[in-house]
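[1] pasting the sequence and the predicted coordinates here, then a few questions.
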Amino acid sequence: MCEAAFSQGAYPAIHLGTCTGEKPFYCYVCEATFAQKRHLKGHLRTHTGEKPFHCTVCEAMFASKGNLTRHLRTHTGEKLFHCNMCKATFTLKSSLTSHLRSHTGEKPFHCNMCEATFVNKSSLTSHLRSHTGEKPFHCNTCEATFVDKSNLTRHLRTHTGEKPFLCNICETTFAWKANLIRHLRTHTGEKSFQCNMHDMCETTFAQKADLTRHLRTHTGEKPFHCNMCETTFASKGDLTIHLRNHSGEKPFHCNVCEVAFARKGGLISHLRTHTGEKPFCCIICEATFANKSILISHLRTHTGEKPFHCNMCEATFAWKSALARHHRTHTKEKSFY
């Protein structure tokens, strides 16, 4: 057998099962077998739903003492399990085990329906539902269903308004950890997403979504379609703004006068007519302007740039309005000036 020694009691008999592989304790519900009686007792609770172990801090209940012990660490903040490859610490040993695979690259859990592999069993279980369509986690406020508990937990915050993720720099709170991570980059200035399109530019971005939108300036892709006309857009936000041209919606209201705007940027520029603020400064002559577009137009008086081309002759213009006036010399259309 082995050289393990015991002083007394039932321990020798219990230990023998680990040496012989014998599993004499039998579940009468599902036919599972166990080496120890306490393991069978714990297993039976998965059938009965019994949860005799109660948290003294909150109302959570558990089927096993071990699960209660692990849960209590969420209240105490205790993290007993340390990664020996970095400084990360964990409440659960299973979390440490999964984390270590981020260092080793090991993905031991394989999907038997495709070639996907995963670092932990729970990720595989959630993935399998993408094949089966199963969504066993239900919102008790609306009819939404989810493939895993974490997605349900995040969804519930849309009902409760809970924002548990706190920025330790400015105290802004967020409903989702991913939003906090993105927000922190506004403080650090980190821009980890870089454009590598044909080595044409090296622009970097703080958010992956911003990089995705930027790449469309290279590819010309416009995947967002207006269902009221044939216009297409590179971003969903641009489509949303465009749709207001059809609906007439102007959701951004000035709190000084009664003017409303389809775009938030329009409201911000308008508010400067009340405050007199001119935050955009010309680096050549120090002239200041209420909005960036006017500054850009002004800079052409210094650079001589004329980006607006007439498609009927070779004339070029610094401003779009000047091109429009010029067009009338071809069309003979009368100006209202």
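    Perfect, I can see it now. Residues are numbered from 1 along each chain as shown.
[2] C-alpha only now, for contacts and for neighbours.
    OK.
[3] now do the same for the residue nearest to the spatial centre of the chain: helix, strand or coil?
    The structure's the chain has its C-alpha centroid closest to Ala178; by C-alpha atoms, centre = their mean the separation is 4.5 Å. Assigned by DSSP: H, G, I helix; E, B strand; the rest coil, the conformation of Ala178 is helix.
[4] in terms of pLDDT, where does it sit?
    On pLDDT, Ala178 comes in at 86.
[5] show me the helices in the stretch 101-250 of the chain, by range?
    121-132, 149-160, 177-188, 208-219, 236-247 (DSSP state H, counting those that start in this stretch).
[6] what about the stretch 1-150 of the chain, any weak spots by pLDDT?
    Residues of the stretch 1-150 of the chain meeting the criterion pLDDT under 70: 1-20.
[7] my bad, the stretch 201-337 of the chain
    333-337.
[8] try it again at 80.
    332-337 (pLDDT under 80).
[9] quick revisit: got the helices of the stretch 101-250 of the chain as JSON lines, with distance to Tyr26 columns?
    As requested, the helices of the stretch 101-250 of the chain are exported to JSON lines (distance: least, C-alpha to C-alpha, whole Å):
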{"stretch": "helix 121-132", "distance to Tyr26": "26"}
{"stretch": "helix 149-160", "distance to Tyr26": "31"}
{"stretch": "helix 177-188", "distance to Tyr26": "44"}
{"stretch": "helix 208-219", "distance to Tyr26": "53"}
{"stretch": "helix 236-247", "distance to Tyr26": "58"}
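[10] Met197: which of those is closest?
    Among these, the nearest to Met197 by C-alpha to C-alpha is helix 208-219 (7.3 Å).
[11] what lies in contact with that closest one?
    Phe193, Gln194, Cys195, Met197, Thr204, Phe205, Lys222, Ala234, Ser235 (C-alpha atoms under 8 Å, 6 or more residues apart in numbering).
[12] show the pLDDT at the first one.
    So that's Phe193. 87.
[13] spatially nearest residue to it, not counting backbone neighbours?
    Phe205 (5.0 Å; C-alpha to C-alpha, 6 or more residues apart in numbering).
[14] and if you look at the fifth one?
    Closest residue to Thr204 apart from its sequence neighbours, by C-alpha to C-alpha, 6+ apart: Gln194 at 4.2 Å.
[15] so how far is Thr212 from that neighbour?
    10 Å (C-alpha to C-alpha, to the nearest Å).
[16] so His309 makes contact with Thr316?
    Yes: using C-alpha atoms under 8 Å, His309 makes contact with Thr316 at a distance of 4.5 Å.
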